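1. I would like the atomic coordinates for the input below:
(one chain, ligands or ions: 2)
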Amino acid sequence: MQEVNESVLAEVERIARKAGDLIMEVYARDFAVVDKDDKSPLTEADARAHSFIVSELKALSPVTPILSEEDVGSFTGQDKYYQYWLVDPLDGTKEFIKRNGEFTVNIALIDSGKAILGVVYAPAIDVLYSAAQGFGAKKVEGNETASISVSSYVQGELCRVVGSRSHGSDAMGTFLQRLPQHQMVAMGSSLKLCLIAEGKADIYPRLGPTSLWDTAAAQCVVEVAGGKVVTLAGEPLGYGNTSKILNPYFLATGAGDIDWVGMFSDIV
Ligand SMILES: Nc1ncnc2c1ncn2[C@@H]1O[C@H](COP(=O)(O)O)[C@@H](OP(=O)(O)O)[C@H]1O
Ligand SMILES: [Mg+2]
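-> Ligands and ions are numbered 1, 2, ... in the order given. The predicted model follows:
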């Protein structure tokens, strides 16, 4: 069984940073883009980060299975403790290709369907978010480390909404029309969830598809920072059923007593 403690968290942070360095080597030069079977793009950077992360996690935790976006076929299922590593080696591949810096390395430890440790690293801006149940949530920007927590939205105030830069939806437009005062920020990758975690956004409605690996690590950061990531039925997004790779639509929110789920019930 993989324990969670400060040294394990530090090791996962090191792995995510080094994977980010490998990604940035590709970012700095020309690279080829190929279409995967599902038509999503793949670059050499995804493959390099994947190989590195898998070999390092195996060294850290030899018997804990790994589910990575780039090699779903070799996942052997959760272990007898209902644990596995859930990895998106490069989230925001479209942003990577556009070279706008909004992409991340994501590593989560799942235990009984819940992400109990999560590390998100954005190498182009050198920002790392990291959290584990019982150990707090933090942001490391360059040499500065700060504890992070969500903000509390009060109805009637300007609502800071964050959404995908590359994958929109009609339902999002309907939702925004209902918020008299809002500010919409577009952002690629799991960085949207991290903005909720550090209190820079109030809500991230994801009314379109994502996969388990897109959300797990950053959901841990949001939850430990005091926020929620819930389905449109109000249940926390879960990771216990790996036969179903796609997440349901979800809402990520900070603190406050607004019934966000109720606001969406007739939209979607
Ligand atoms: N039609 C679709 N089916 C499944 N996942 C999708 C999808 N469209 C977008 N995504 C997911 O959304 C992620 C990008 O999120 P965003 O739009 O918020 O930046 C992608 O991650 P990758 O870049 O790792 O492929 C991909 O997993
Ligand atoms: Mg992804």
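2. alpha carbons only for contacts and neighbour counts from here, please
-> OK.
3. which residues touch Ser61?
-> Gln2 (Cα atoms under 8 Å, 6 or more residues apart in numbering).
4. pLDDT score for it?
-> Note for Ser61: predicted pLDDT of 96.
5. touching ligand 2 at all, the host helix or strand of Leu109?
-> For Leu109, the host element (DSSP states H and E) is strand 104-111. No. If you take Cα under 5 Å from the ion as the test, strand 104-111 misses ligand 2, and the best it gets is 8.5 Å.
6. what about that strand, distance to the chain center?
-> 8 Å (Cα atoms, centre = their mean, to the nearest Å).
7. so what pLDDT did the residue in the stretch 51-200 of the chain that ligand 2 sits nearest to get?
-> Here the stretch 51-200 of the chain gets closest to ligand 2 at one residue, Asp91, 3.6 Å apart by Cα to the ion. As predicted, Asp91 sits at a pLDDT of 98.
8. Near ligand 2, which residues of the stretch 51-200 of the chain? Just list them.
-> With Cα under 5 Å from the ion as the criterion, the stretch 51-200 of the chain meets ligand 2 at residues Asp91.
9. same thing but 8 Å
-> Glu69, Asp88, Pro89, Leu90, Asp91, Gly92, Thr93, Ser189, Ser190 (Cα under 8 Å from the ion).
10. now, which of these lie within strands?
-> Asp88, Pro89, Leu90, Asp91 (DSSP state E).
11. Can you sort out which of those also neighbour ligand 1?
-> Among those, the residues that sit close to ligand 1 (Cα under 6 Å from any ligand atom) are Leu90, Asp91.
12. ok, and the most crowded of the ones in strands among the residues of the stretch 51-200 of the chain next to ligand 2?
-> Comparing those by number of neighbours (other Cα atoms under 10 Å), Pro89 comes first, having 33 neighbours.
13. residue contacts, that one?
-> Residues near Pro89 by Cα under 8 Å, 6+ apart: 19, 46-47, 49-50, 53, 68-70, 104-107.
14. Next, Asp30: phi, psi?
-> phi -70, psi 140 (degrees, to the nearest 10).
15. Same check on Pro248?
-> The phi/psi pair for Pro248 (degrees, to the nearest 10) reads phi -70, psi 170.
16. Same check on Ile125?
-> Torsion angles, degrees, to the nearest 10, at Ile125: phi -110, psi 0.
17. Let me know the distance separating it from Glu102.
-> Distance, Ile125 to Glu102, by Cα to Cα, to the nearest Å: 8 Å.
18. the more surrounded of these two?
-> Neighbour count, other Cα under 10 Å: between Ile125 and Glu102, Glu102 has more, with 23 against 13.
19. who touches that one in this structure?
-> Glu102 is in contact with Gly92, Glu95, Phe96, Ala122, Ala124, Met187, Gly188, Ser189, Leu191, counting by Cα under 8 Å, 6+ apart.
20. could those be laid out in TSV, adding neighbour count?
-> Shown next, in TSV, are the contacts of Glu102 (neighbours: other Cα atoms under 10 Å):
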residue	neighbour count
Gly92	25
Glu95	18
Phe96	24
Ala122	24
Ala124	18
Met187	21
Gly188	23
Ser189	26
Leu191	24
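21. Restricted to helices, list those.
-> Of the positions in these, Glu95, Phe96, Leu191 sit in helices, assigned by DSSP state H.
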